[in-house]
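Enquirer: Give me a model of this one.
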Amino acid sequence: MSDSRLLGADEATFIAAARSGDTERFARITERHRRELQVHCYRMLANYEDAQDMTQETFLRAWNGRESFKGRAALRTWLYRIATNACLDFLEKRNDRTPVQAELPDSGSEVLYLQPYPDRMLPEDPQESVVARETIELAFIVAVQHLPPRQRAAFILRDVLGWPAAKAADVLDLTVASVTSALQRARVTMREQLPDRRLDWRSPATHELSNDERGVVRSYIDAHERNDLDGLTSLLRDDLRFAMLPEPGTSVITAKDAVDGWVSGGLFQRGCDDWRCITTAVNRMPAAALYLRTPDDPAYRLFTLAVLHIVDGKIAELTGFDATDKPWLGLPPALPAGESPVVGESGARAAVTEVTAE
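Expert: This next block holds a predicted model:
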C-alpha cells in the first residue's frame with residue numbers, strides 16, 4: 001500500500017510538496033494553519049508582535065525540517081510541536097533580559113510586554129473561535145504568563161486545546177506523568193491568578209455583548225468626545241482596575257481618583273481636548289480607539305486603545321495600550337476633522353452594535 005493511502009490527504013499532500021521542494025505548494029498547505037498557530041503563540045507569549053514572529057519562525061523551521069515529517073502524527077500536531085518549541089526557545093531568551101512581572105491587573109502583578117490581540121486576526125473556524133472566547137481575554141492571558149514556560153505549554157495544550165495527555169507529552173518530549181503533574185500545578189496557579197468569575201476557562205461563553213454592555217461602551221465614547229468628566233466618572237466602578245501599558249503599575253482606585261489622575265497627567269485639559277473615538281474589539285473584549293486633535297492639527301491622531309471589561313453596567317477594568325505605530329491593530333492612524341469617525345474595511349467597527357463577543 002502506498003504512503004498516500006496510509007496518510008490523511010493533508011499529510012500526503014504536504015509530504016509530496018516537501019519531497020518536490022515546491023515552496024509555493026508548501027506555503028499554501030501550511031498557511032491555512034497560520035491564525036490558530038498565531039493565537040497559540042500569543043497565549044504563550046502575550047505579545048502580538050512576538051507571536052507573529054514565532055509563527056513565521058514556525059513555518060521556517062517546518063520548511064527546514066520538512067524531511068523529518070513522516071506522517072506518523074497529523075500535520076497540525078506537527079506544526080503545533082514546532083510552534084510550541086519555538087515559543088519555549090524564545091521565552092528562554094526573553095526571560096534572560098526582560099522582567100516578566102511587576103504589579104498587574106486581576107492578579108496583583110503586571111506583564112509589561114502584554115499587547116492586545118485584534119479580533120479580526122482570530123481563527124475563522126467556528127470551533128477555534130469558540131475556544132478563543134474566554135482563553136484570549138486579557139485577564140486569562142495575564143494569568144497564563146505566571147506559569148513557568150513548560151507548565152504554560154502543558155496547560156495550553158491540555159486545558160485550552162483539549163489535547164490528551166499522551167499527545168501533549170509527545171509535543172513537549174515529556175512523559176505523560178510529567179505533563180499531568182505540570183498541568184495540576186498550572187491549574188492551582190491559574191485559580192490563584194484569575195478572579196472567581198473567570199475560573200471556568202474550559203466552558204467558553206459564546207454570547208454577544210448585552211444591550212447594557214453596548215450602552216456602556218457608547219456612553220464611554222460619548223463622554224470622551226464631549227470631555228464630560230462627570231459622565232466618565234459615573235461609568236467607572238469604585239474598585240476600578242486601571243493599567244496603561246507598557247508603563248508599569250496597575251492601580252485599584254476609585255472612579256474619581258482615576259479621572260483626577262488622568263486630568264493631572266494631561267490626558268484631559270478640562271474641556272480643551274478635542275477627541276474622536278471609534279469602537280473596535282480586541283481579545284474578544286469591547287474597546288475604544290481614542291483619537292486626539294491638537295489645536296494646530298487638521299486631523300485627529302490615534303492616541304491610545306482602551307480595552308474595557310464591563311460588570312453589572314460599570315467598567316470594572318480599563319487597560320490602556322499605546323496604539324501609535326501599530327498597523328496590525330487595523331485602526332486608521334488619523335481621522336479627518338469635521339467628519340464622523342466611521343471606519344470601513346480596516347478591521348475596526350464603526351458601530352457599537354457590531355462589537356460582539358461571539
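
Enquirer: Let me know the next secondary structure element after the helix or strand hosting Val259.
Expert: Val259 is part of helix 255-264 when elements are defined by DSSP states H and E. The C-terminal neighbour of helix 255-264 among helices and strands, as given by DSSP H and E, is strand 274-282.

Enquirer: what mean pLDDT does that following strand have?
Expert: Averaging pLDDT along strand 274-282 gives 91.

Enquirer: From the contact counts, what lies against the next helix or strand along the chain from that strand?
Expert: Using DSSP H and E, the helix or strand that follows strand 274-282 in sequence is strand 285-293. On a contact count with 3 or more CB pairs under 8 Å, 6 or more residues apart in numbering; DSSP states H and E, strand 285-293 meets helix 211-225, strand 274-282, strand 299-311. Where C-beta positions appear, they are placed from N, C-alpha and C, glycine not excepted.

Enquirer: can you give me the angle strand 285-293 makes with helix 211-225?
Expert: Interaxial angle of strand 285-293 relative to helix 211-225 (axes from the mean of the first three to the mean of the last three CA atoms, to 10 degrees): 10 degrees.

Enquirer: can you give me how far strand 285-293 is from the chain middle?
Expert: Taking CA atoms, centre = their mean, to the nearest Å, one finds strand 285-293 lying 17 Å from the centre of the chain it belongs to.

Enquirer: Check stretch 79-96 too.
Expert: 18 Å.

Enquirer: Please work out which of the helices and strands packed on strand 285-293 is packed deepest.
Expert: Mean neighbours per residue, mean count of other CB atoms under 10 Å, is largest over these for strand 274-282, with a mean of 23.

Enquirer: Just the CA atoms of that strand, as CSV, please.
Expert: Output of strand 274-282 as CSV, limited to C-alpha atoms (Å, rounded to 0.1, in the frame of the first residue of the first chain):
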residue,chain,number,x,y,z
ASP,A,274,-10.7,67.5,21.1
TRP,A,275,-11.4,63.8,20.9
ARG,A,276,-12.9,61.4,18.4
CYS,A,277,-13.4,57.7,19.2
ILE,A,278,-14.3,54.6,17.3
THR,A,279,-15.2,51.2,18.6
THR,A,280,-13.3,48.0,17.9
ALA,A,281,-12.7,44.7,19.6
VAL,A,282,-9.6,43.0,20.8
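
Enquirer: Next up, phi/psi of the closest residue to Met244 other than its chain neighbours, please.
Expert: Spatially, and ignoring its direct neighbours in sequence, Met244 is nearest to Gly320 (4.2 Å; CB to CB, 6 or more residues apart in numbering). Note on Gly320: backbone dihedrals following degrees, to the nearest 10 are phi -100, psi 140.
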